[in-house]
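*Asks:* Have a look; sequence and predicted model below, questions after that.
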Amino acid sequence: MARHFWVVHLLFIACAAWLIAHLSILFIEDRVLNPPLPNSSRKASSLAATAQEPYEKYSAITERNIFSPADRGQKLLPLGDRKAHAPGSGAAEAGQDAASGNYVLAGTITGPEGYSWAILQERGSRKQQIFRIHGNIDGGKIVSVTRKQIQIEKDGKRETLILSEETPQPPRPAGKPIPPPPPAPAGKEEVKKLSANRFLVNREDVSSAVGDINRFMTQARLRPHFEMGKPAGYSVSEIVPGSLMEKLGLKNNDIIRKVNGMAVSRPEEVMQAYAQFQQDSNIELEIDRGGRTEILRYEIR
């Protein structure tokens with residue numbers, strides 16, 4: 001037993017050393033983490049003397065937005081203007097015309113992503129221009145195109161242009177019958193069918209019908225047609241019965257390929273073809289009908 005008593009001494013020394021070390025650590029932590037009060041008051045006064053950074057200095061956070069790259073470039077609103085620009089209170093939420101009111105929306109052409117266009121008409125004139133989605137317009141960018149409206153982003157705000165509706169008619173007095181539409185002048189037909197694919201078109205009637213692109217585009221639905229992922233004309237659907245589109249011999253599911261030999265696979269080409277109907281005397285329309293190519297010929301007199 002005495003032979004192994006040195007082990008007990010060794011354990012006692014180890015326990016004493018651990019206790020001394022632990023007490024030393026507690027003492028050091030108390031001095032470091034809880035310094036004397038004079039030092040604390042001096043640090044507090046130093047922090048209070050530090051000037052607060054101006055609000056505008058933090059604008060880099062929104063302009064360089066590392067958490068949402070899509071929102072980069074947004075401006076930090078001054079504190080005094082934040083209420084005025086709150087959601088639902090600004091002009092962007094009120095559906096006002098975009099680009100300082102220089103344009104009105106005359107029509108849209110919608111298709112797959114990246115293949116949508118807006119037809120805009122300058123105020124005070126009948127000049128029309130066509131813009132592709134994500135295209136630039138007067139310092140803004142077209143970010144959305146739907147069948148009834150487009151959205152333009154400018155200076156960090158979104159403005160909406162809504163497709164113009166026809167001017168509403170004044171209310172009819174009660175009991176007064178609705179007058180019938182005026183009959184066409186004797187001897188004049190809007191469109192006269194000469195043969196299966198040949199038509200005689202009255203210039204005055206067709207000019208009146210296609211002069212308003214907004215009304216003309218409501219007679220049928222034109223959508224971009226794609227083959228092997230590439231534009232290959234425009235498909236026709238939802239033709240209004242009795243409309244000029246139907247009288248011109250077009251049928252649902254027709255695919256318009258060319259006008260006077262010119263391919264129509266882009267909206268710019270559609271607008272050129274649209275202008276030809278107002279100016280030219282002879283029009284040839286190449287269509288794909290049920291997998292067969294047909295030519296519709298029009299004489300405008």
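*Replies:* Thanks, I have it.
*Asks:* Next, the buried residues of stretch 201-208.
*Replies:* Residues 201-202, 205-206 are the ones in stretch 201-208 that count as buried (16 or more other Cβ atoms under 10 Å). Bear in mind the C-beta positions are built from the backbone N, C-alpha and C, glycine included.
*Asks:* Save these as CSV, and put in distance to Leu248 and pLDDT too.
*Replies:* Putting these into CSV (distance: Cβ to Cβ, whole Å; pLDDT from 0 to 100) gives the following:
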residue, distance to Leu248, pLDDT
Val201, 8, 86
Asn202, 12, 84
Asp205, 11, 73
Val206, 9, 71
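*Asks:* The residues you listed: which two are farthest apart?
*Replies:* Pairwise distances across the buried residues of stretch 201-208 (Cβ to Cβ) peak at 7.4 Å, for the pair Val201 and Asp205.
*Asks:* who touches both of these two?
*Replies:* Common neighbours of Val201 and Asp205, counting by Cβ atoms under 8 Å, 6 or more residues apart in numbering, are 190-191.
*Asks:* What confidence value was assigned to the residue lying closest to Arg223 once chain neighbours are set aside?
*Replies:* Nearest residue to Arg223, sequence neighbours excluded (Cβ to Cβ, 6 or more residues apart in numbering): Ser235, at 5.2 Å. Looking at Ser235, its pLDDT stands at 90.
*Asks:* Backbone dihedrals for Ser235, please?
*Replies:* Main-chain dihedrals, Ser235, degrees, to the nearest 10: phi -90, psi 140.
*Asks:* Quick check: it vs Phe226, distance?
*Replies:* Computed as Cβ to Cβ, to the nearest Å, the Ser235 to Phe226 distance reads 10 Å.
*Asks:* Over to Asn197?
*Replies:* Asn197 is 26 Å from Phe226, by Cβ to Cβ.
*Asks:* Assign Phe199 to one of the three secondary structure states.
*Replies:* With DSSP: H, G, I helix; E, B strand; the rest coil as the basis, Phe199 sits in strand.
*Asks:* Can you report how many residues neighbour it?
*Replies:* Phe199 is flanked by 19 other residues according to other Cβ atoms under 10 Å.
*Asks:* Not counting sequence-adjacent ones, nearest residue to it?
*Replies:* Tyr298 (5.0 Å).
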